[in-house]
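K.L.:
Here is the input, now give the coordinates:
(one chain, ligands or ions: 2)
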Amino acid sequence: MKLNVIIPMYNEEGNVLLIHQKLSETLKDIKYELIFINDGSIDKTYEKLEEIYNKDKSHIRVINFSRNFGKDAAIYAGMKASKAKYTTIIDGDLQQNPKYILKMIEFLEQNDDYDQVAMVNKNRAKDNFINKIFKNSFYTFINILSDTKFHKGASDFRTFRRNVVEAITSLGENNRFSKGLFSWVGFNTKYMPYEVEDRHSGKSSFNLTSSFKYAWQGIVNFSIKPLKLATIIGFISSFGAFIYFLIVIIKTLIEGSSVPGYPSLICVILFIGGLNLLAIGILGEYISKMYLEIKKRPIYVTKNKLGFDDDIL
Ligand code: UDP
Ligand code: MG
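P.N.:
Ligands and ions are numbered 1, 2, ... in the order given. Model (predicted):
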């Protein structure tokens with residue numbers, strides 16, 4: 001088979017029929033299979049997926065999670081199930097036009113030296129001011145902190161050759177920050193601009209708070225520099241405090257003891273206390289990640305599958 005398309009679905013009941021129709025139209029000339037992952041939707045997404053599966057069994061596979069495990073777990077499940085020469089990931093909300101899949105495949109067919117194509121969102125103009133600042137600072141930050149390089153605006157809308165899929169699925173970590181893993185495995189990646197469209201139905205699962213959490217997860221997963229930062233800041237501030245201490249002693253010896261100076265003392269205590277908490281907080285972040293990884297829990301749990309040989313679990 002030539003192409004597997006992975007489509008993570010969380011509460012997309014209004015988009016199932018249309019995304020299936022669009023993908024079928026676009027891919028009609030190639031040998032393909034669609035792998036839908038129902039990521040614990042609480043609406044009628046699974047029923048809709050069953051409906052299209054019954055109509056188009058030769059092209060559709062469904063993995064139904066036991067609960068919501070997140071988009072990255074869904075991508076992982078889809079990649080593990082993919083067997084084709086090329087694997088594409090596309091959102092299920094029609095923001096990413098399927099026509100670009102053909103462009104990505106065409107590029108890989110013509111360029112043997114590339115193994116991965118990533119679509120890059122070019123109409124950022126639609127983002128509001130806060131989102132723009134947030135996204136820009138995320139990329140600046142993570143590229144300073146991490147040895148893995150992140151291409152600004154590169155989306156999860158990507159096509160991989162088999163070798164890349166195998167490399168990515170061989171990384172068994174639980175806290176999966178897919179964008180980081182896609183870069184971490186290396187390979188030659190082509191970045192192609194595209195226009196993001198509006199959601200057909202439903203609403204995005206990501207707001208500013210969850211995006212912030214996601215960005216922070218990316219930084220902690222792909223850099224240990226914040227740990228070093230805590231040490232450096234701690235060292236500098238203690239050194240500063242020591243110098244200040246010497247000044248106070250000398251001043252007291254020369255001018256005699258004075259009660260004024262109390263406010264500055266409080267400031268210093270608060271400042272150092274804050275730094276301590278920051279350092280402990282950063283340690284806690286990494287220890288909690290280690291705690292979660294060490295348990296070696298599966299990345300997702302399947303409730304049932306449609307269209308696979310081992311259908312009945
Ligand atoms: N998604 C998922 N699990 C989640 C959240 C989202 O599988 O927990 C899917 C969602 O159904 C969609 C894709 O991931 O197909 C992108 O999500 P969304 O449109 O909410 O994100 P945005 O486009 O706003 O970044
Ligand atoms: Mg979307």
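K.L.:
for the helix or strand hosting Ile232, which positions count as buried?
P.N.:
Here Ile232 sits within helix 225-255, counting by DSSP states H and E. Under the neighbour-count criterion of 16 or more other CB atoms under 10 Å, helix 225-255 has 226, 230, 237 buried. No exception for glycine: its C-beta is placed from N, CA and C like everyone else's.
K.L.:
And the next helix or strand past that helix?
P.N.:
Once helix 225-255 ends, the next helix or strand along the chain (criterion: DSSP H and E) is helix 262-294.
K.L.:
List the buried residues of that following helix.
P.N.:
Across helix 262-294, burial judged by 16+ other CB under 10 Å covers 268, 275, 279, 282, 285, 289.
K.L.:
where does the closest residue in space to Lys85 that isn't next to it in sequence fall, phi/psi-wise?
P.N.:
Counting by CB to CB, 6 or more residues apart in numbering, Lys85 lies nearest to Lys2, which is 5.3 Å off, once chain neighbours are set aside. Taking degrees, to the nearest 10, you get phi -90, psi -40 for the backbone angles of Lys2.
K.L.:
Quick check, pLDDT for Lys2.
P.N.:
Note on Lys2: pLDDT of 93.
K.L.:
ok, now the one 5 residues further on?
P.N.:
What the model reports as pLDDT for Ile7 is 97.
K.L.:
That one contacts Asp93, doesn't it?
P.N.:
No: counting by CB atoms under 8 Å, Ile7 stays clear of Asp93, with 9.7 Å between them.
K.L.:
how about the residues of this structure near ligand 2?
P.N.:
Contact residues, the chain versus ligand 2 (CB under 5 Å from the ion): 91, 93, 95.
K.L.:
Report the central residue of this protein.
P.N.:
Geometric centre of the chain, nearest residue: Phe177, 3.9 Å, by CA atoms, centre = their mean.
K.L.:
so how far is ligand 2 from that residue?
P.N.:
18 Å (CB to the ion, to the nearest Å).
K.L.:
what does Glu51 give?
P.N.:
Glu51 sits 22 Å away from ligand 2, taking CB to the ion as the criterion.
K.L.:
my guess is that residue is in a helix, correct?
P.N.:
Yes: under DSSP: H, G, I helix; E, B strand; the rest coil, Glu51 falls within a helix.
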